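[1] Dropping a prediction and its sequence here:
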Amino acid sequence: MLNLLKCYTMNDIFVIIKNVSLPNNRILPVIMLNEQGEVWEFDDKDKVQEMVNILNTNTDSGHKYEIKKI
């Protein structure tokens, strides 16, 4: 049976986008990198959502984090 709450496949890859607020009221989207300087990729939607929730809770600069499927 199809689980409608998880509409992604096992091959989906997700990244975290940090939306940086600029002084001119524009937003600069930045792809988050891992400790090796490579794009930080996740293959588990639940894990990336948990990380985004943590980042959004702990931001003190007003930046917003979001998930993008690539």
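    Nice, I can see it.
[2] can you give me how far the biggest strand by length in the chain is from the chain middle?
    Using DSSP state E, we find that the single longest strand of the chain is strand 14-21. Taking CA atoms, centre = their mean, to the nearest Å, one finds strand 14-21 lying 6 Å from the centre of the chain it belongs to.
[3] Output the contacting helices and strands for the helix or strand just after that strand.
    Next in sequence after strand 14-21, counting helices and strands by DSSP states H and E, comes strand 27-31. When contacts are defined as 3 or more CB pairs under 8 Å, 6 or more residues apart in numbering; DSSP states H and E, strand 27-31 packs onto strand 14-21. C-beta: built from backbone N, CA, C; applies to glycine.
[4] model confidence over the strand it packs on, on average?
    Average pLDDT, strand 14-21: 96.
[5] who's in contact with that strand?
    Residues outside strand 14-21 that contact it (CB atoms under 8 Å, 6 or more residues apart in numbering): 27-32, 39-43, 45, 48, 51-52, 55, 61-70.
[6] Can you pick out the ones from the residues you listed that are in helices?
    Secondary structure from DSSP state H places 45, 48, 51, 52, 55 of the contacts of strand 14-21 in helices.
[7] Against residue 44, how distant is residue 18?
    Using CB to CB, to the nearest Å, we find residue 18 at a distance of 20 Å from residue 44.
[8] With neighbour numbers in mind, choose between these two.
    residue 18 (17 against 12; other CB atoms under 10 Å).
[9] Tell me how many other residues crowd the closest residue to that one other than its chain neighbours.
    Spatially, and ignoring its direct neighbours in sequence, residue 18 is nearest to residue 30 (4.6 Å; CB to CB, 6 or more residues apart in numbering). By the measure other CB under 10 Å, the count of residues near residue 30 is 13.
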